[in-house]
Structures are given as C-alpha cells and as structure tokens.
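[1] From the sequence below, what's the structure:
(2 chains)
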Amino acid sequence: MKLLRRVTHILNRGKRDSDLREEMHFHLAMKQRELEAAGFAPEQARDAARKALGNATYNREASHDVWVAPAIESLWRDIPYALRSLRRTPSFTIAAVLALGLGTGSAAAVFSLLDGVVLRPLPYREPEQIVMLSEVNHAKNLEHEALSPVNFVDYRGLTTVFADAAGWWTPQVVLTDGVQDPVRVPTVETSRNLFRVLGVAPQIGPSFTGDTGLAVNGSLEAVISDRLWRSRLNADRSIIGKSVRLNGTDHLVVGVMPSGFDFPNGTDIWEGLNWQFAQHSRFAHFVGAIGRLRPGMTPEAANRELASLTSRLGRENPPSNQNWGVRAVRLDQEIAGVFRPGLFALFGASALLLLIACLNVANLLLARATARRREVAVRAAIGASRGRLVRLFFTESLVLAAMGAAVGLAVAVLSVKALLAWSPIDIPRARDIGVGAGVFAFAIVAAAVTAVVFGIVPALTMSRANLNEALGEGAKGSSGRGGSMRGALVIAEVSLAVVLLCGAALLIRSVARLTRESTGVDASSVITTTVQLPDVAYKSWGRVARFYGSLGDALRAHGDVTGVGVTDRLPLDPGWREPYGLPGVATASREDAPEAQIVSIDDGYFATLRVPILAGRNFDARDDSASRPVVVVNETMAKRVWPGEPAVGKQLLLPWSVIGPLGARLTTDTAHVVIGVVRDIKNTSLRDQAEPAIYYTQRQFPFRTMHVVVRGRGDVAALQAAVREEIRRLDPGLPQPEIKTLDRVLHSSIDPSRFVMLLMTAFAVLALTIAAVGIYGILSYTVSRQRREIGIRLALGAEPRTIRRMVVRQGLTMAAAGCVVGVVAAQAGAGLLAKFMYETRASDPLTLAAVVAAVIVVALVACAVPGWRASGEDPTRALRAE
Amino acid sequence: MASRQPELLPGTLDLLILRTLVREPMHGYGIASRVRELSKDVLRVGESSLYPALQRLLLNGWVKAEWGTSENNRRARYYTLTAAGKQQLVAERQEFERIVLAIQNVLQFA
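    The predicted model follows:
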C-alpha cells in the first residue's frame, strides 16, 4: 500500500507540488490576516508571515523528500555526473560497455534460439502429450527408421498408450492446373485423423470426411497449406469444394490449414489416406507416425508398454519383426533433434562468456576505483557521506550496465537476424525464432544483476579505504591493495576462456575429421538434382529407363559437362535393404538371409563421381532389359560373400522385382551375374563404414525418381542452366528442379555439429579477447602504479630487459594459472559436447596443447605493451611524477 | 526566539497532529494554530516541519487530504484522520505516556 502511494505520488509529482504550493500560500495568507488583526501594518504582517514560514522552496523540497526516497532522487541526479566521469576515461568505458554488450548480447541471442527451437511449446493442443514414433533395430544398427504400416496399426490398436495415433507416408506429388508450370509439392498421404491428433483444425473447410481413425473411404480429398493457398490459388476462399489436380488425378479440397502449419516437414498438401495400413507389409518401413498419449500416460510408460508389444511381435513374426522395436519421443524433442543438446551447450557457453565479461568489467571497475582513491578521499574530506559515495559509484555501474544492455540487445537482434538470413543450415522451427519480450527481460535482468554486483564491490572497497592513507598514498606511490583480488579475477577470466577454447577446439577437430572422412566419391564440381517422373505419364517402366538414358546422353553433349550419372540413392542415403541368396546355399527363412542395399544407377554414375572399378567391368550398353541380369557389388560385399576369391563371374539370387510404385525390375531371372567390383561408397552416414551394396543398371531395374549428378568444367550457374534446359526439353510437364552442389548435400548431415562449432568458436575467440583485455588492463594499471618503483630501479642501473621480464612474468603467471584451471574444468564440461564429438577425446593432447599455446601467445601480446612502456620509462620523469 | 520554541521530542509532532484531527478535519494552518493555542503558546509547530510531517502522515495512510472551503471562504486543504490514523494515535499515545512516565520516575526518584 505504502509503496503504491509512493509510486503514484512520484508519477503525480506535478499535481502534488501545486497542491503544496497552494496550501502554503493559504497558510501565508492566514498568518498575515492574523498578524493584521493583532495590529500589524499589512507590509509588516506579510514579511513576518513569510519569515515564520521560512524558505518555501526548501519546505516543498523537504515535503517532497518524504515521498521520494532521497536515494532514488539523487541517483537520478548522479546520472549526468556519472556520464561525465565515464566520458573522461573513454577507453575504460568502451572496453566495459563492449564486454558487457557482447556478453549479454550473445547470451540473449542464444537464448532466442533456444527459446524458439527448444523451449517454446509447439502450437498444437497439449503438445507435451504428442509423441513421434520411429522404429529401431539395434542388431542392424538402425536407430531411426520409418514404421511398417502394419506394425503401426498394432502399436495403435494393441496397446493402451494412445488416445489416438496418426500415420502418413510421403509420395512424390506434382500439382498441375493447365495454366501455371507444373510444380512438385511437398505432400503426405495421411490417415485422416492427423489434424485431430495434433489438435489443429483447418482455417476454412470441414477437413477430411471420416477423420476419426484410420478408416479408408475411397474419397479423393486434399487439405492444403496456407502458404500454397496464397501463393498458387490466390487465397480464393471458394476453393473449398473445388478440385486440385495431383499427379493427374482430381482431389477435392476440403480444407486450408492455418498460416504456419506445415507438419510434418514443411508439407503443403495433405491427401486423405486411401489404402489400408493393415494390408501392407511388416517388412516395409516407410510410414511416419505421431501419437497423442492418453491422459496420465508418460513417454517412459508408453515406451515400456510398446517394448513389451514389440518383443511379442518379434516372437510371432520373426522374419519381419525380430530385433525390431519402436521408440516414442516427445514431438518437440524430436523436432529440435540434435539442436536440443547443441543449443543447451551453446547456452552454457554464452553464459560463460557473459561471466567472463562481467568479471572483466568488475576488474576494470576495481582498478578504476583504486585509482580514484584520492578523489574519493578528497570528496570525503570535504564532507561527502559514505553512503553518498557508494551511491555515486553505484550510479556509474548502473549507467555502464544500461549502456551494455543496450549494446547487448542490438547485438542480439542483429546476430539472430544475420544467423537466420545467412545460415546455410536448416534450423528447425526457424519461423518461431525471434528476439522477444523474454529476451529483452533477460538482457535487462542480466544488466541489473551485473550493475548490483559491480556497483557494490568497488564501492565497498572504496568506502573501507582509510582517508588519510588514501590521501597520502598517491605521493608515496605504493602498489595499493586489491591487487590480489584483481589477479584472481583475471585468472578466473582466463580459465573460463580456456574452457570455451577447449570446447571450440574439440569441435573444430571433430568437424574437420568428419569433413575429411571420405564419402568414397569425389564431390567437387558436381551438382545434383532430383528428377521425379509422375507415375500416370510414366506408367511404362521402359519409358522411365529411356527417359534417364536420353537425359544422360543430352547432358553429355554439352561442352562444359565432363560427366553425367543417375542413381536412385545418393551417397550416405541408405538404399533399399533386401536379402540375397547364393546358388546352392539353402536359405532357411527371410530373416536368416543376409541383406544388402540395392541401388539402381546408370553407366556414367561411377565415372562421374570418380569411383574406381576394382575388378571386372562397369555397366555398358550391352546390359539392357533383354539381356541377362547383371550387377556390380561393392568391395565390402565382395569381401563378405567371397572372401579371398574373385567376385566377378559369381552369381547372386535376387528375387526382388518390385519396390512399391517406385521401381521395378524388368528382367525375369532371379539369378544375377556379378560383372564388377567397385570401391566402397559410404551408404549410411559419414561416421559409419559402408554396408554391402548391390548396384543394378537402371535399364534393368528402373526407378521413377532418380538423382542426376553432373560434373562440369565451367561455373555452376551455367551447369545448372544446362540441366534445367535439358529436363524441360525432354518433358515440359516436369516441375523445375532444385539444383544443389553435391558437396552441400553430402555435408548437410554434419550441419548441426558445424553450427555448434561455429558459434562456439566465435564465443571462444570473444572470450579470449576479453581475457586478453583483462590481462592488458591489470598490467598497464600495475605498471602505472609502480612507476616510481620502476624509476628507482632504472635509476639504480636495472636493465630495461629486466623490467620488461618482470612485467611479462606477472602476466604469464596469471595466464598459466588460468590455463591449468581451465583445462581441468574443460575435462569436466566436455560431456556436454559428446554428441558433437567425433573420434576426438576431451583429453586430446594436441587440442589442449594448441589451446594453451594460443592463450600464452595472446597473453604475451597483452603483456608486451605495458612491458615496453615500463622498460622505456625515463627514470627522472618517473621519479618526479606525482 | 529559541527559548520560546522548545524542541519537541522526536515523533511527538506526528502525535500532536493526529490528536488535533480527532475532533474534525482541519487545514494545515488550523493545526498549527490549534497546537499553539492548546499549549498556551508553549508549543509552536514550525511550518517548515509541519508540511513534511503532513506528507509523511499521508504517505503512511494515517490521514487523507481533500480540498475544501475555509471559514473565510478560501480554498484550503483539509486533513482527515483515517481509521489507520486512529489506531496509530492510540499506539503513539500509549508509547508517549510510557516514556513521559519513565522520565517523571527518573526525575522524581533519581
């Protein structure tokens, strides 16, 4: 109550003042009247009344001070003084404001990312109850597979964990309307309950008919995204009830989703599921699924119940389900993925950086405070109260912190903008990232806390200072107290910087190792694009095979093109894993048969990516749909199946003839002759060795969707234009493809590691710079305090070298102590980065040595200037100074 | 001058103001006059301490201030005792009497 009254008073100061003035005026008039009644002349009466009332302004001020705690008022009055005094020492002010600004700014920026990507709830109903499902097979080293549709139906129907669950798969869909160019649209064919499970309804339209479960009703319906509705359909509200043509078939539009909704993975069209999940196969893993846990069910309990079901399914259907399990992960964690630990680690790093910045500013303030002891003593001597002095310095810190916070906010806003605009890395939920109110609050709180801490430490040491001692001290020029505390602060700064440097160095090493890790192909100057032939227009598999043949021939005719190839799976992207047999070896059941990845390529693929044929020959024109079936195997396959024997000429039994609607084998015989062995191409991830792989020629096993790889001489843009032109010439009905460099595609898997590495490195460099400023600051300060001492030494014949060594030794001692503490702390903190490290140990001696070397070099640089200044001191001047 | 205006014990000014307001709302000048009259000119409330004291009472919520019309038809600011102010008066009065008693005891028996 009292506080409330106080605040309203301060806000109403004008009214309160005029009230008081009028009140006193009234008082004056009454007094005057009384005196006149007692017989005084009017003039005399007025003067006497005025005299009695005293100084009106003083009265008003005194009344005002009752309301405004005088501290706040004088704080306000101190601000111009603080600004003036900060302006007098510009290098100190700039260093402090920059340190604070960079510290709060980077922390606020990382907090924005963390908030947008990890912390903010997903825009769905009770998002914490939604889980994403993926299947795992530890025996096959598969940690994150799509689901078999039949398994999914069992998970949904045979357990009690879900209130409901929805599944989808991702067909390749081209939208045509006969007016604009055909366009490939990210599409899922989903069980009709998807939106219900998420708890999101279309902004217009009734949604799918029968959207309560997995039931199939045969109606061709589609829901479209707000983005597609606006960009392609002119935001026409009457689209509901009309049709869109998808892969040549009309689908009734039954809804437009709200703006921003594009689950899963940037989808623009949701087709209603039109086939029975239950009637598909337990062997095929291609369905994505989410479930809404029933109330009270936790992800842990759900996973336990699912595990008991999957082990039962494994016993009942060993060929398809043995060793397979399913894992439910909260949807927000699944979407944030590896960015979750990454951003937490970065947030920790930015907090360390902020701490370093704070230590540095505290240190600067402390040094400044000691340097101003004389000033303080003079002020105290002429009557400033101790509290008043504390307040004065507190105000300075507050002003510094406010300026730091302003710089910090600017840094945060700009760096987040820049990161989102220029990042080559796909950050999940990037749309949700913004510097919002929470971040502003964060920066202000950080600034306030630093102000309090910084304000108090120097102010307290200051007020403790003995007046006489301080006044006399300047003349004597002793080194002053507080030196050990400042030394400790610098050591803390250095050690925190070393922690960050170690983190950054370990990540750099990991990413460098991953980047150097050979994929098995030479991706330089290679561009790639994906061509997808619609199954309506390309019903005939022969036509599919001929299309890719002609595309390759046409591109090869271009002058700048030195190689063209097609494949249904690029390196690092696992192909279909299928079992194979050997003639004369009985295969008991499917699950006993060994598996290999199958990949379909053309004759130019290996040559374009410079993958050498180790034995036998490559495919050539002789191998077509009418000739005997042939395959090329990779080195791993050859060694595994025919160790110590030549693989070429051996036979493999490969029964698989149809891969859904995606690909089909045109030869009839299951026996395939191995015509060549090719060097391994990594086919799961950069980290893992190649799995056995069997290559078909696309003339014998065509796929409708293929990746084209083109190696060229000229610039990338010309190459891209050539690819676009040839695709358009061959079939104007195909959508314009997106073309990337193969390098970019292959390295996208290490993007999160690189992202964390880049930011961590930036933080570490900043931290080291700030720590160096700290070392420099304390040394130049010490040198200036010891001017007299140095002057005496020089006058007595000390070598400048000795003086220099003395100063440098002080700096290096602090740096070395910081290194020791930092390296030990880094060992403890390295666990946070485990997910991003690759074949690199936290104790990696080379990394640690590099970090320590870098710190020592920077420390030497920081020592050099004060060292030279000290040794170059003119003894006579130094002795006379102060 | 100094002999005519004895120093008040600390805190007594608030007590006196509160007490004068018990009967009726008064303006600042009225309060000062009443204190002077009742104390037979012994206690004089200096204006320089009266108005800050009134502000302090307002801040603590013990009095309310409203503009009204004075006996000679001028606009004047009238102070009214609040319920909290009445409680405060009782408390301060007890405290005051306790101290006065203590002082008297000392003076009598020391």
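
[2] least trustworthy helix or strand in chain B by mean pLDDT?
    Every helix and strand of chain B was ranked by mean pLDDT, DSSP states H and E. The lowest is helix B:47-60, at a mean of 83.

[3] between the next helix or strand after it and helix B:47-60, how many degrees?
    Following helix B:47-60 in sequence order, the next helix or strand is strand B:63-69 (DSSP states H and E). Put simply, strand B:63-69 runs at 120 degrees to helix B:47-60, going by axes from the mean of the first three to the mean of the last three C-alpha atoms, to 10 degrees.

[4] Identify each buried residue in strand B:63-69, please.
    B:63, B:65 (16 or more other C-beta atoms under 10 Å in any protein chain shown). In this view, the C-beta of every residue, glycine as well, is placed from N, C-alpha and C.

[5] Likewise for stretch A:552-559?
    Those buried within stretch A:552-559 under the rule 16+ other C-beta under 10 Å are A:552, A:554-555, A:558.

[6] Strands of chain B, start to end?
    B:26-27, B:63-69, B:75-81 (DSSP state E).

[7] Around A:Ser266, how many other residues sit close by?
    Careful, residue A:266 is Gly and not Ser. By the criterion of other C-beta atoms under 10 Å in any protein chain shown, A:Gly266 has 10 neighbours.

[8] Next up, the contacts around the closest residue to it other than its chain neighbours.
    With C-beta to C-beta, 6 or more residues apart in numbering or on different chains as the criterion, A:Gly266 has its nearest non-adjacent residue at 5.4 Å, and that residue is A:Pro186. For A:Pro186, the contact set (C-beta atoms under 8 Å, 6 or more residues apart in numbering or on different chains) comprises A:170, A:262, A:265-269.

[9] Please find the angle between the direction vectors of the longest helix along chain B and strand B:75-81.
    Ranked by number of residues, the top helix in chain B under DSSP state H is helix B:83-109. Here helix B:83-109 points in a direction 70 degrees away from that of strand B:75-81 (the same axes, to 10 degrees).

[10] can you tell me if helix B:83-109 touches chain A.
    No: applying C-beta under 8 Å from any C-beta of the partner chain, one finds helix B:83-109 out of contact with chain A, separated by at least 9.3 Å.

[11] leaving aside the residues next to it on the chain, what's closest to B:Trp62?
    Using C-beta to C-beta, 6+ apart, the closest residue to B:Trp62 is B:Gly85 (3.4 Å).

[12] sorry, back to before: out of the strands of chain B, which comes closest to A:Ala798?
    Among those, strand B:63-69 comes nearest to A:Ala798, with 75.4 Å by C-beta to C-beta.

[13] Dump the C-alpha coordinates for the closest one into PDB.
    Coordinates of each C-alpha in strand B:63-69 appear next as PDB, following Å, rounded to 0.1, in the frame of the first residue of the first chain:
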ATOM      1  CA  VAL B  63      -4.600  11.000   7.100                       C
ATOM      2  CA  LYS B  64      -6.400  11.800   4.000                       C
ATOM      3  CA  ALA B  65      -6.300  15.300   2.300                       C
ATOM      4  CA  GLU B  66      -9.200  16.900   0.400                       C
ATOM      5  CA  TRP B  67      -9.700  20.400  -0.900                       C
ATOM      6  CA  GLY B  68     -12.500  22.300   0.800                       C
ATOM      7  CA  THR B  69     -13.500  25.800   1.700                       C
END
